[in-house]
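S.K.: Coordinates only, no sequence provided:
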């Protein structure tokens, strides 16, 4: 037998083969380094989660630095929040319940000596939610512990919170900017005309103005009249509260705000000194001076790289013990936050099916003795709101008392889902009412004509093809839609009248799409009592005869074990430890899970059918 050796490789082929082997080895080394590095990070996080996270040291300062929007419920999924934290990104949302719960717990915690409030990164939060946080700060102060607030600059929402502090400071280069409330909207009629889009609005309610931007190029007189009334009430309440907290006259505060251009000229552009002279702040201080002040007040030095002993909000929330009595009979809370749309929706929006299912689950749970429905919604689709209202009604029929707690906004469809509760609580600055509905239908024959396209054909009857958006809307079909809207309004007003123990005419007189503040709504019998979520829970427990000791639980969509791990990981001490070592995921990595964009009025509109809404675009800026 003879054997033959392979022919020797040419120098060129040998070089390429050696290069390929080298690249393959390099690839394997990089993959292993990434894999084992990520595994090490994961193990550190697991150890931190299992060992309980943070330990609160004696004589600590609770540092509250809310970032992003103040919300009732996270809209970003756990994976997104965990990745954002690991990427070193600032938080986009802070839960109201976490913030209030931490403040109330700290008031009883002997290890916490004071709160340092840093509201400068709070980007959004309605006045009602901020009022609840302010009430918690007042309870903390009533326990004998001080609250110190500091910021570079404060807008009027941030200032509304900071005004609750014992001592309020701003940076010498910063200031306070209070301007008042405004509600300016964009109007699209001219644009739609140029595009050839015909928008048909069908509504009941003299003041139901949510869809006016699609048929007008300016705000109607009725809309301006109604907005002026409720926004004026909201602003009067703001001035009264802030003036009371700062011990100045409301008229003086109003004059200072309205004449800001003259006053700032007199202060030669120095906003910090102007705020000091108008008693809006107690002093000015740089960050270094703030730290020195805390140390002089007896706050101990912190560990390495920390100026003073402190714990932040996520760390403190993670350190709090979980309620071990969740299996005992008590009060369940269901959050209804965001736009009301059909079907199933994630947290941060309200699905007719998903939110109704949560209420149904509460009703069927033997632990539930009372339900608090926390509503923060401007409304949305009528049928989806009706699905939720029916579940509230069935819950009451099952012998379970239902109390509604209105947040920042509970208007139109938000009021629809609230009206059948045993009792309704609202903050004085809640935005509510807007009892009215409208329908929107659009067609595009003009758009097609601009492109040289025409629609033609035959139908078996006058209604066949009536909702073809390529054809102009027949006035007879418009009359059909208006009749449906009229019936929907009668149902809305009639159901409110029945729920509130009034006659139809009495509710119709305060309906018509008009928006009210919580205080104005109380005067008109649309709500039962002024108060926040805490008050609503106490009232629900009283209706259920639960006594003074009862558990409170949030009923939310089930969270998988992996999602629960991600939530705990996001709060774990090891995350902050890794970040202090400079270990971060790339910032772009946190953007991989897509976030649901903000829902607009017509985002869920269906072509070729009338879209019927109980909605209110009534959030001032």
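M.R.: Looks like it came in fine. Just so you know, these numbers come straight off a predicted model, no measurement behind them. Numbers count the residues shown, from 1 in each chain.
S.K.: sec struct for residue 357, please.
M.R.: Counting by DSSP: H, G, I helix; E, B strand; the rest coil, the backbone at residue 357 sits in helix.
S.K.: Mind checking which residue lies nearest the centre of this protein?
M.R.: The residue lying closest to the centre of the chain (CA atoms, centre = their mean) is residue 71, at 3.2 Å.
S.K.: If we ignore the residues flanking it in sequence, what's nearest it?
M.R.: residue 93 (4.9 Å; CB to CB, 6 or more residues apart in numbering). C-betas here are computed from N, CA, C, even on glycine.
S.K.: what's near enough to touch that neighbour?
M.R.: By CB atoms under 8 Å, 6 or more residues apart in numbering, residue 93 lies in contact with 68, 69, 70, 71, 74, 75, 76.
S.K.: Which one (most neighbours) among those?
M.R.: Neighbour counts for those (other CB atoms under 10 Å) peak at residue 71, which has 25 neighbours.
S.K.: beta partners for that one?
M.R.: residue 95 (DSSP bridges).
S.K.: surely it meets residue 348?
M.R.: Yes: if you go by CB atoms under 8 Å, residue 71 and residue 348 touch, sitting 7.2 Å apart.
S.K.: Find the residues that touch each one of the two.
M.R.: By CB under 8 Å, 6+ apart, the residues touching both residue 71 and residue 348 are residue 337.
S.K.: how much space between residue 92 and residue 182?
M.R.: Distance of residue 92 to residue 182, computed by CB to CB, to the nearest Å: 25 Å.
S.K.: who has more neighbours, these two?
M.R.: A count of neighbours by other CB under 10 Å puts residue 92 above the other of residue 92 and residue 182, at 18 against 9.
S.K.: Tell me where the stretch 1-150 of the chain has helices.
M.R.: All helices of the stretch 1-150 of the chain, identified by DSSP state H, counting those that start in this stretch, fall at 11-50, 78-86, 96-108, 127-142.
S.K.: Could you list every helix and strand in contact with the host helix or strand of residue 173?
M.R.: Following DSSP states H and E, the helix or strand that holds residue 173 is strand 167-176. Counting contacts by 3 or more CB pairs under 8 Å, 6 or more residues apart in numbering; DSSP states H and E, strand 167-176 packs against strand 147-154, helix 271-277, strand 283-284.
S.K.: And the ones you listed: which comes nearest residue 380?
M.R.: Checking the helices and strands packed on strand 167-176 against residue 380 by CB to CB gives strand 147-154 as the closest, at 33.1 Å.
S.K.: so what strands line up beside the closest one?
M.R.: In the sheet, strand 147-154 lines up with strand 112-117 (parallel), strand 167-176 (parallel) (DSSP bridges).
S.K.: buried set for the next helix or strand after the last one?
M.R.: Right, strand 167-176. Sequence-wise, the next helix or strand downstream of strand 167-176 (DSSP H and E) is helix 189-195. The neighbour-count check on helix 189-195 (16 or more other CB atoms under 10 Å) flags 189, 192 as buried.
S.K.: same question for helix 189-195, mean pLDDT?
M.R.: Averaging pLDDT along helix 189-195 yields 92.
S.K.: Downstream of that helix, the next helix or strand is which one?
M.R.: Next element after helix 189-195 (DSSP H and E): strand 198-204.
S.K.: Please compute how far the helix or strand following that next one lies from its chain's middle.
M.R.: Next helix or strand after strand 198-204 toward the C-terminus (DSSP H and E): helix 221-246. Put simply, helix 221-246 sits 22 Å off its chain's centre (CA atoms, centre = their mean, to the nearest Å).
S.K.: ok, now stretch 262-273?
M.R.: Worked out by CA atoms, centre = their mean, stretch 262-273 lies 35 Å from the chain centre.
S.K.: who does residue 553 bridge with?
M.R.: Applying DSSP bridges, one finds that residue 553 bridges with residue 332.
S.K.: Phi, psi for residue 351 please.
M.R.: phi -100, psi 130 (degrees, to the nearest 10).
S.K.: which ones are touching it?
M.R.: The contact partners of residue 351, by CB under 8 Å, 6+ apart, come to 341, 342, 343, 344, 345, 384.
S.K.: Check the gap between the second one and residue 612 for me.
M.R.: As judged by CB to CB, residue 342 and residue 612 stand 11 Å apart.
S.K.: intersection of neighbour lists for the two?
M.R.: 381, 383.
S.K.: and of the contacts of residue 351, the nearest to residue 313?
M.R.: residue 345 (27.5 Å).
S.K.: okay, now the closest one: neighbour count?
M.R.: The burial count for residue 345: 22, using other CB under 10 Å.
S.K.: And it, its phi and psi?
M.R.: Per degrees, to the nearest 10, the backbone of residue 345 is at phi -130, psi 150.
S.K.: I'd like to know how far it sits from residue 254.
M.R.: For residue 345, the distance to residue 254 - CB to CB - is 41 Å.
S.K.: One more: residue 396?
M.R.: The value you get for residue 396 to residue 254, if CB to CB is used, is 44 Å.
S.K.: which pair in the contacts of residue 93 spans the largest distance?
M.R.: Most distant of those, by CB to CB, are 70 and 76, 14.2 Å apart.
S.K.: Helices along the stretch 351-500 of the chain, start to end?
M.R.: 352-364, 382-397, 413-416, 445-450, 475-500.
S.K.: For residue 322, find the nearest of those.
M.R.: Using CB to CB, the nearest of these to residue 322 is helix 352-364, at 19.7 Å.
S.K.: Give me the angle between that closest one and helix 382-397.
M.R.: 0 degrees (axes from the mean of the first three to the mean of the last three CA atoms, to 10 degrees).
S.K.: what about helix 352-364, average pLDDT?
M.R.: Here the average pLDDT along helix 352-364 is 97.
S.K.: swap in stretch 287-302?
M.R.: On average, stretch 287-302 scores 94.
S.K.: Would you reformat the strands paired with strand 147-154 as a markdown table and include mean neighbour count?
M.R.: Output for these, formatted as a markdown table (neighbours: other CB atoms under 10 Å):
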| stretch | mean neighbour count |
| --- | --- |
| strand 112-117 | 23 |
| strand 167-176 | 20 |
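S.K.: Tell me where the model's unsure across this structure.
M.R.: 1-24, 26-54, 76-91, 323-326, 558-611, 613, 617, 619-621 (pLDDT under 70).
S.K.: just to revisit the earlier point, need the strands paired with strand 147-154 in a markdown table with distance to residue 359, can you?
M.R.: Output for the strands paired with strand 147-154, formatted as a markdown table (distance: least, CB to CB, whole Å):
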| stretch | distance to residue 359 |
| --- | --- |
| strand 112-117 | 35 |
| strand 167-176 | 42 |
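S.K.: burial count for residue 260?
M.R.: Residue 260 has 16 nearby residues by other CB under 10 Å.
S.K.: okay but it is in contact with residue 179, surely?
M.R.: Yes: counting by CB under 8 Å, residue 260 touches residue 179, with 7.4 Å between them.
S.K.: ok so, going back, any figure for the gap between the residue nearest to residue 71 and residue 73?
M.R.: 9 Å.
S.K.: next one: residue 114
M.R.: Distance from residue 114 to residue 73, by CB to CB: 29 Å.
S.K.: before we move on, what about residue 117?
M.R.: 23 Å.
S.K.: Could you pull up the residues touching the residue lying closest to residue 414 once chain neighbours are set aside?
M.R.: Closest residue to residue 414 apart from its sequence neighbours, by CB to CB, 6+ apart: residue 377 at 3.8 Å. By CB under 8 Å, 6+ apart, the residues touching residue 377 are 336, 337, 338, 339, 340, 350, 409, 410, 411, 413, 414, 417.
S.K.: Among those residues, which one lies nearest to residue 301?
M.R.: For those, the nearest to residue 301 is residue 337 (41.4 Å; CB to CB).
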